[in-house]
Every structure is written in C-alpha cells, then in structure tokens.
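**Q** please work out how this folds:
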Amino acid sequence: MKNGGRSNMNSDLGPNIRKITLLTIFATIGLAISGTALLPSYNLSQVAAQQAGNNAQLSLSMLKQKGVPLLGSPSAHITVIEFADFQCPFCARFAKDIQPQINQTYIQTGKANMVYVHFTKLGPDSVTAAMAAQCANDQGKFWNFYNILFKNQGAENSGWVSKDNLKKFALQIPGLDTQKFNTCLDSGKYASLVQNQLAFGTSLKVPTTPAFIIEKSDGSNLDYLPGAYPYPAFQALIDKKLTGG
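**A** Below is the predicted model:
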C-alpha cells in the first residue's frame, strides 16, 4: 500500500467521497508525486447520518462516551481520531515519527486534540494490549502506555504483550499505581469496551490501520486519511480546518 497503512478488509467508506487528489494535497505540502493516483480523503457524514441522524456520532462528546482516551484540551476546535492496533507496525511508525509532531504543533498549543479508538483487528494480543492501555487510562496514563507499547512492539501474536510483560511495561511509567493497574488488567475490566470500539470502527467501514478522521470537534467537516501518511499531509488538513476550510 502506497500510503503505508495496513488493509484489513475491502470496503467502501460510503458514496459521498470528497474528491481530494494526491496532486491537490501534495502540491499544498510541497511533496513530489507520480501518476494520477487518488488520495481517498472521504466525507463520512452519510455513514454517521445513518447511525445518529447527523454527525453527532463522531463528535468529541459522543466519542468520550465510548471511553476513548483524550490527549489535549477538550475545548480545542479540531479533533484527530486515530483508529489503531498496538500490533500494527505502521501504527508504530505513526506513533514514533508523526504523532509527536502533531502533539507539539497542534495539541500542546490548544489548536487540536486527539483521541484513540481501539481497532483490534490483528488478534488476541491486540485485545490484551488494548485492555491494558485502558487500565493505564484509568490513572491518566494512557498516552504514556501508548508510547511504551509502540516502542516495544514485537511480532504479531507472539506473546510480546502477555500480562506479565504488560505489568513490566507499567513499571516504567512514573506515578502509575501498579497494584491498581494489575488488578484492572487481571479482571478483564475493559474487554467489552475494546470490543465495542472495534465494532464502532467496523460500522464506519474503516479499512486500514492506522486510519484517521480529522474533523471539527462537533463531528462536522470530516476528512479521512487511511494510513501513516507523512506529517505534512496531517498538517495540510488540520491547517485547512483551522482557517475555515
């Protein structure tokens, strides 16, 4: 896949496609392109409308009700929704190379926030890792755990996210109450939440990990990026929304 994403299914994210070509976006960000391939930046409003009557299903307030971890100010006007799997190597590339730039430029400055949806398509280790990350989220440490998991990512379903290893990862997070974390993980507290988030991503016909929706925080003006595109692609879409585009 040219975009560096991992395809999980063949799907169409709805008939209302916002026609933004690679020429349009990469001319904006000053990157060379070849051929006439399209960058499928989709308008998901019809999918959301089928579920909730309007874009409210994808608003930040509704996403928070689904238990998604939030990074940044809830009052920021732009929301970046990440659909990812802790076993996905392209998700790790985004987390290590691209997310820190988005964080520094937009999230820490209050211009945007970011949420994470568990799209656990790659097997049982994905689910265990997601549940552990939610246990860290109970103590406000999700994004610390996010960084540690992607930094230590192993081969798919090789046992690298066994409960014992996850508990060792938790020891690396300053201020985390590891006893509470371990109890949470052992209880399977977040099994249903993780499954529900997977179902949510599937209902939106998200075909790849990682995948991103960049939107106004009320759920309007949606753009879709399927894959770990370079930072300038995110920059172009976020800046467009910040300037009213």
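**Q** so where's this protein shaky on pLDDT?
**A** Scanning the chain for pLDDT under 70 picks out the ranges 1-56, 245.
**Q** now do the helices in it.
**A** For the chain, helices defined by DSSP state H occupy the ranges 22-29, 45-52, 60-65, 89-93, 99-102, 124-137, 142-151, 163-170, 178-187, 191-203, 231-242.
**Q** can you list contacts of the third one?
**A** Just to be clear, that refers to helix 60-65. Residues from elsewhere that reach helix 60-65 (Cβ atoms under 8 Å, 6 or more residues apart in numbering): Ala52, Ala56, Leu70, Pro74, Thr79, Ile81, Asn113, Val115, Val117, Ser217, Asp218, Gly219. Where you see a C-beta, it was placed from the backbone N, CA and C, and this is true even at glycine.
**Q** list the contacts for the residue nearest to the fifth one when sequence neighbours are not counted?
**A** What it means is Thr79. Spatial nearest neighbour of Thr79, excluding adjacent residues (Cβ to Cβ, 6 or more residues apart in numbering): Ser217 at 4.5 Å. Residues near Ser217 by Cβ under 8 Å, 6+ apart: Ser59, Leu60, Ala76, His77, Ile78, Thr79, Asn113.
**Q** what's the answer for Lys141, then?
**A** With Cβ under 8 Å, 6+ apart, Lys141 has these contacts: Ile173, Gly175, Leu176.
**Q** cool, Ile107 as well?
**A** By Cβ under 8 Å, 6+ apart, Ile107 lies in contact with Leu71, Gly72, Ala76, Asn113, Met114.
**Q** restricted to strands, list these.
**A** The strands, defined by DSSP state E, take in Leu71, Asn113, Met114 from the contacts of Ile107.
**Q** phi and psi next, for the closest residue to the second one other than its chain neighbours.
**A** Right, Asn113. Leaving out its chain neighbours, the residue that sits closest to Asn113 by Cβ to Cβ, 6+ apart is Gly72, at 3.4 Å. Main-chain dihedrals, Gly72, degrees, to the nearest 10: phi 100, psi -170.
**Q** shouldn't Gly72 be in contact with Gly110?
**A** Yes - counting by Cβ atoms under 8 Å, Gly72 does reach Gly110; the two are 7.3 Å apart.
**Q** between those two, which is the more surrounded one?
**A** Neighbour count, other Cβ atoms under 10 Å: between Gly72 and Gly110, Gly72 has more, with 22 against 12.
**Q** which other residues reach stretch 195-203?
**A** With contacts defined as Cβ under 8 Å, 6+ apart, stretch 195-203 is touched by 47, 51, 66-68, 83, 117-121, 127, 130, 211.
**Q** tell me the contacts of Gln87?
**A** Leu122, Gly123, Asp125, Ser126, Ala129, Gln153, Glu156, Asn157, Val161.
**Q** correct me if wrong: the fourth one contacts Ala132.
**A** No - in this structure, Ser126 sits apart from Ala132 without contact. The criterion is Cβ under 8 Å, and the distance is 11.0 Å.
**Q** before we move on, the earlier item: for PyMOL, write the selection for the buried entries among the contacts of stretch 195-203.
**A** Buried members of the contacts of stretch 195-203, defined by 16 or more other Cβ atoms under 10 Å, are picked up in PyMOL with:
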select buried, resi 47+67+68+83+117+118+119+120+121+127+130+211
